[in-house]
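Enquirer: okay, structure incoming, though there's no sequence with it:
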């Protein structure tokens, strides 16, 4: 292969590695400037959030279930819904849409029409498959735990064989995804800027309160350092 | 009609008014004690949240879109996605699943298996229809606004005819819904309570930061009192 062709392929692969190719269903038709396809941007949103909404079709009607998730490289892991309906559908692998939404603030414009929210959301289209392999399952469960509670896994009892069997883990390869992001001040009609009304942003964020020790605790255990780190992540 | 029959009907109507009848798809098969069907409980969750995830089926694959919503009595209103795909499907009225999730905290157990989250979520099944009537549309838009920003509507410019035409509003009658709620401490295996590990809850909540006035503001406008009230709702 000549050097030019090789460079071309490397460029293509880099492009492929860093960006999701927009598809018919991930292409934003309205407000396309809010759409992003870079893996880095999408992964940052996925890594900051910890609740996703999983949509699937159950005999013609849509079902949306909130659940936690983990990411390992280009693979998203979710806990399967324990609803037997979903379990039945899963055997063959079903199409899912997984959406993660971070709300960053309320946007107060001078007209009702231009009120908005600042947010970062990711929409993933793919197929969910059951993780059968016990090693991958344990790896995925660890990713759920470390995603929300880094450091916790090493401190508590790991799942035993029975618990592993009772847990359904699904794997969704990250192949088709997009992010939608709005930031900053309101954008009003030019003719409205002379209205004498307060306009701007009210930032919102998730904050941790004081940890509540389980009343059934048999020991006085100090708050572990990793929990302090987690609290720092959710600081006001 | 005799008095007995009339009483029977009144009792039936009261039951109907205060509780959603569990259906095949709103009945929780796993952890049924987390399921609630009382309208009051469900409406409280809907009124506290302000983002829902709307699921619908687009030519066999599921789509989940985050959006704001409003409630007027037994009617939920959402903004329609501007995606033309959805618009096309809507003409006939399409089945939707609307899910609202409030995360109240992380639950740290003594085993990985029993880690959980405290949350309150509502799942609504129904059919979305386009609101054509201009008066109902304005009423619904006002409910979106007053839901998140009570007091704002009276302070800013109302939508004009052109803006109303550009806005798609959907109506979903609240007929089939359930709530799922988890609260409190972790529940561990009895044999794990002797593990010397911190266990309990880390409460989480949404908190407002300092309002950021639009840099393009032409006037010094003090923060309105209703915005102070809204901030009080999101206080740390």
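Expert: Structure received. Every value quoted in this text rests on a predicted model; they were computed, and no experiment measured them.

Enquirer: and the strands in chain A, which stretches?
Expert: Along chain A, counting by DSSP state E, strands occupy A:35-36, A:51-58, A:61-72, A:75-79, A:94-108, A:116-130, A:169-173, A:176-182, A:200-208, A:212-213.

Enquirer: could you list the low-pLDDT ranges of chain A?
Expert: Low-confidence segments of chain A (pLDDT under 70): A:1-17, A:28-31, A:80-92.

Enquirer: hang on, the earlier thing: and residue A:43, which of the strands of chain A is closest to it?
Expert: The closest of those to residue A:43 is strand A:61-72. By C-beta to C-beta, the value is 6.9 Å. In this view, the C-beta of every residue, glycine as well, is placed from N, C-alpha and C.

Enquirer: that older thread, would you format the strands of chain A as CSV with mean neighbour count and distance to chain B included?
Expert: Shown next, in CSV, are the strands of chain A (neighbours: other C-beta atoms under 10 Å in any protein chain shown; distance: least, C-beta to the nearest C-beta, whole Å):
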stretch, mean neighbour count, distance to chain B
strand A:35-36, 18, 12
strand A:51-58, 24, 4
strand A:61-72, 21, 4
strand A:75-79, 21, 11
strand A:94-108, 22, 4
strand A:116-130, 20, 5
strand A:169-173, 21, 12
strand A:176-182, 20, 9
strand A:200-208, 20, 4
strand A:212-213, 16, 4
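
Enquirer: okay if I get those strands as JSON lines plus distance to residue B:46?
Expert: Shown next, in JSON lines, are these (distance: least, C-beta to C-beta, whole Å):
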{"stretch": "strand A:35-36", "distance to residue B:46": "29"}
{"stretch": "strand A:51-58", "distance to residue B:46": "16"}
{"stretch": "strand A:61-72", "distance to residue B:46": "14"}
{"stretch": "strand A:75-79", "distance to residue B:46": "25"}
{"stretch": "strand A:94-108", "distance to residue B:46": "16"}
{"stretch": "strand A:116-130", "distance to residue B:46": "17"}
{"stretch": "strand A:169-173", "distance to residue B:46": "28"}
{"stretch": "strand A:176-182", "distance to residue B:46": "24"}
{"stretch": "strand A:200-208", "distance to residue B:46": "18"}
{"stretch": "strand A:212-213", "distance to residue B:46": "26"}
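
Enquirer: and residue A:218, how many neighbours does it have?
Expert: 11 (other C-beta atoms under 10 Å in any protein chain shown).

Enquirer: can you tell me which residues contact the closest residue to it other than its chain neighbours?
Expert: Closest residue to residue A:218 apart from its sequence neighbours, by C-beta to C-beta, 6 or more residues apart in numbering or on different chains: residue B:193 at 5.9 Å. For residue B:193, the contact set (C-beta atoms under 8 Å, 6 or more residues apart in numbering or on different chains) comprises A:216, A:218, B:110.

Enquirer: tell me the one of these nearest residue B:42?
Expert: residue A:216 (30.7 Å).

Enquirer: measure the closest residue to the closest one other than its chain neighbours to residue B:124 for me?
Expert: Nearest non-adjacent residue to residue A:216, counting by C-beta to C-beta, 6+ apart: residue B:193, 6.3 Å away. Plainly put, residue B:193 is 39 Å away from residue B:124 if you go by C-beta to C-beta, to the nearest Å.

Enquirer: quick check: chain neighbours aside, which residue is closest to residue A:209?
Expert: Residue nearest to residue A:209 in three dimensions, not counting chain neighbours: residue B:203, with 3.7 Å by C-beta to C-beta, 6+ apart.

Enquirer: I misspoke; the intended subject was residue A:234.
Expert: Closest to residue A:234 by C-beta to C-beta, 6+ apart is residue A:208, at 3.6 Å.

Enquirer: I'd say residue A:235 and residue A:207 touch.
Expert: Yes: contact criterion C-beta atoms under 8 Å: residue A:235 and residue A:207 qualify, at 6.8 Å.

Enquirer: isn't residue A:183 right next to residue A:118, touching?
Expert: Yes: between residue A:183 and residue A:118 there is a contact under C-beta under 8 Å: 5.5 Å.

Enquirer: anything in contact with each of those two?
Expert: Common neighbours of residue A:183 and residue A:118 (criterion: C-beta under 8 Å, 6+ apart): residue A:104.

Enquirer: with that, I have no additional questions.
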